[in-house]
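>>> Structure of the sequence below:
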Amino acid sequence: MEHWMTVLAAAVMIVNGGCAPIVLFPVEEESVKEEPIEKPPSRSAIAVRYGDLLSDPHNAQVLGNEMQFQRQPHPDSLALFISDAAQECGLPLIRRTPDGLTDPPAPHAFWQLAFFIPPELNRPGLIDLRDFRIMSYGIVSDPSRGVHASLGAGSSALGGVWEKTLEIVSSDASSVSVKLYWGMPAWQTELNGVPYAPAVDFGGDYTATFCGDPPPQLPPSPGRAIPGAALAAPPDGPIPDPDALYLFLGSAAESCADPWSSVACTGTSRVTLRLPPDYQKPGILDLTDPAIAASFTRSWSTPCAPNDLVSGVFDGGTIEILSIDESGVSCRVYGSHTDLTHGGFDADGLYTASSCP
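Numbering: from 1, shown residues only. Take a look at the predicted model:
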């Protein structure tokens, strides 16, 4: 865009005393040009059910060689691929071959992120990418700068200590719209001691087209809601508050008759908390609030292994009471990520806790 500044002045000034007139001539036109703003490179996003990727032997081999997960994502996980290069449904993962080329073909310099969202988190709403249940992979490659770095493969590898989020805005049979918040960690400007410029902010709004049928969305995870007056005391625990409502959430089998049953050696987990009378209404509560006494217990494996059972309290996070009535409680847990030094546990998700008769 050009801004034209023109100043015109044509005046004759007669000065007393007989001096010659002073004439102000027009100022010549001067153009001031703004530097063009460089547009960001185009970005692409595709989505696919993870199990459908594995049905193709070549895809399964590439995924296994490149990502080398410690554990495989669930087949019904949402596999989301984001890149500044074109991506193909037939082979969504871009890899650099030994001869310096890419498969499938990509620009000389490119980046790609992949997230594998488990079924229990694949629903509209905000997702904490530090969640241990989320598998991830990333690569930044620019041979001209001597940069070729995998950004980690495995559980929450791309989350790190920075809070990064992925919001599923909407989804239908053809596409899923997401908003990625990434921030600017140090390795985005320097990888393996080599400067990588310009710095890349992977964040933004993306609409990913589904390759094939979308993965199914699960119903909310089950739970139980039991009045304190009808609840026996837990083993070696205090007598429940008769006016509070106690919630038992998680993958462990819940029983109205024995809600405190041990989860040891089951490979499941349980979150327990209480809602005093003033908290028994829709709203958002901190998981660290002493009034709700939120805690978790997790069994790492089945059959039993040493140090199988881990229990603790949450480092942070919230529980949102969406609805509460005589039939039960609908709630959403977010930001419950607890680091490995405190048990390594995530309880994020949507729950429906049915009232016990």
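
>>> Which secondary structure element of this protein has the lowest mean pLDDT?
strand 11-13 (a mean of 29; mean pLDDT, DSSP states H and E).

>>> Point out where the stretch 201-350 of the chain drops to low pLDDT.
302, 340-343 (pLDDT under 70).

>>> Can you name the residues that contact residue 233?
Neighbour list for residue 233: 239-240 [criterion: CB atoms under 8 Å, 6 or more residues apart in numbering]. C-beta here means a position set from N, CA and C on the backbone, and glycine is covered the same way.

>>> Please apply the same query to residue 87.
44-46, 81, 94, 112.

>>> what helix or strand is residue 51 on?
Assigned by DSSP states H and E, residue 51 belongs to helix 50-54.

>>> Can you give the distance from that helix to the centre of its chain?
Distance, stretch centre to chain centre, for helix 50-54: 21 Å (CA atoms, centre = their mean, to the nearest Å).

>>> now for it, which elements pack on it?
helix 57-67, strand 78-83 (3 or more CB pairs under 8 Å, 6 or more residues apart in numbering; DSSP states H and E).

>>> weakest of the ones you listed by average pLDDT?
Ranked by mean pLDDT, the helices and strands packed on helix 50-54 end with helix 57-67 in last place, scoring a mean of 74.

>>> for that one, packing partners?
For helix 57-67, the packing partners by 3+ CB pairs under 8 Å, 6+ apart come out as helix 50-54, strand 95-96, strand 135-142, strand 147-155.

>>> Helix or strand next in line after the last one, which one?
So that's strand 147-155. strand 165-171.

>>> got the buried residues for the helix or strand that comes right after that following strand?
Once strand 165-171 ends, the next helix or strand along the chain (criterion: DSSP H and E) is strand 175-181. Using 16 or more other CB atoms under 10 Å as the test for burial, strand 175-181 gives 175-178, 180-181.

>>> partner strands of strand 175-181, parallel or antiparallel?
Partners of strand 175-181 in the sheet, by DSSP bridges, are strand 165-171 (antiparallel), strand 204-210 (antiparallel).

>>> Show me what it is in contact with.
Looking at what lies outside strand 175-181 - CB under 8 Å, 6+ apart - the contacts are 45, 47, 78, 80, 82, 164-171, 202-210, 214.

>>> repeat for stretch 299-319
Here stretch 299-319 has contacts from 262-269, 273, 284-288, 292, 294-298, 331-339, 342-345, 347-348, using CB under 8 Å, 6+ apart.

>>> Recalculate using a threshold of 7 Å.
263-269, 284-288, 294-298, 331, 333-336, 338-339, 342-343 (CB atoms under 7 Å, 6 or more residues apart in numbering).

>>> In PyMOL, select just the buried ones from the residues you listed.
With 16+ other CB under 10 Å as the criterion, this PyMOL line picks the buried residues out of the contacts of stretch 299-319:
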select buried, resi 263+266+267+269+285+287+294+296+297+298+331+333+334+335+336+338+343
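
>>> Just the ones in strands from the contacts of stretch 299-319, please.
Under the assignment DSSP state E, the contacts of stretch 299-319 contribute 269, 284-286, 295-298, 331, 333-334 to strands.

>>> TSV for those residues, including distance to residue 119?
Output for these, formatted as TSV (distance: CB to CB, whole Å):
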residue	distance to residue 119
269	16
284	25
285	26
286	27
295	25
296	20
297	22
298	19
331	19
333	16
334	17
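
>>> Return the closest of the residues you listed with respect to residue 357.
Of all the ones in strands among the contacts of stretch 299-319, residue 357 sits closest to residue 331, with 20.3 Å by CB to CB.

>>> tell me the contacts of the closest one?
319-322, 351 are the contacts of residue 331 under CB under 7 Å, 6+ apart.

>>> ok, now residue 239?
With CB under 7 Å, 6+ apart, residue 239 has these contacts: residue 233.

>>> Out of the contacts of residue 331, which end up buried?
319, 321, 351.

>>> Let me know the closest of those residues to residue 54.
Closest to residue 54, out of all of the buried ones among the contacts of residue 331 and judged by CB to CB, is residue 351, at 29.5 Å.

>>> Parallel or antiparallel, which strands does the helix or strand containing the closest one pair with?
Using DSSP H and E, residue 351 sits within strand 349-355. Strand 349-355 pairs in its sheet with strand 221-227 (parallel), strand 328-334 (antiparallel), by DSSP bridges.

>>> Residue 79 against residue 116, yeah?
Yes - contact status for residue 79 versus residue 116: in contact at 5.4 Å, counting by CB atoms under 7 Å.

>>> shared neighbours of those two, which are they?
With CB under 7 Å, 6+ apart, residue 79 and residue 116 have common neighbours residue 50.

>>> More neighbours: which of those two?
Shown here are residue 79 and residue 116; by other CB atoms under 10 Å, residue 79 has more neighbours (25 against 22).

>>> how much space between the more buried one and residue 259?
36 Å (CB to CB, to the nearest Å).

>>> How about residue 237?
Counting by CB to CB, the gap from residue 237 to residue 259 is 12 Å.

>>> Those two - which one has more neighbours?
residue 259 (20 against 10).

>>> residues contacting the more buried one?
Residues near residue 259 by CB under 7 Å, 6+ apart: 224, 226, 248.

>>> Spell out which helix or strand contains it, please.
Using DSSP H and E, no helix or strand contains residue 259.

>>> re earlier: can you tell me which of the contacts of residue 331 comes closest to residue 280?
residue 321 (7.9 Å).

>>> beta partners for that closest one?
The partner residues for residue 321, given DSSP bridges, come to residue 283, residue 331.
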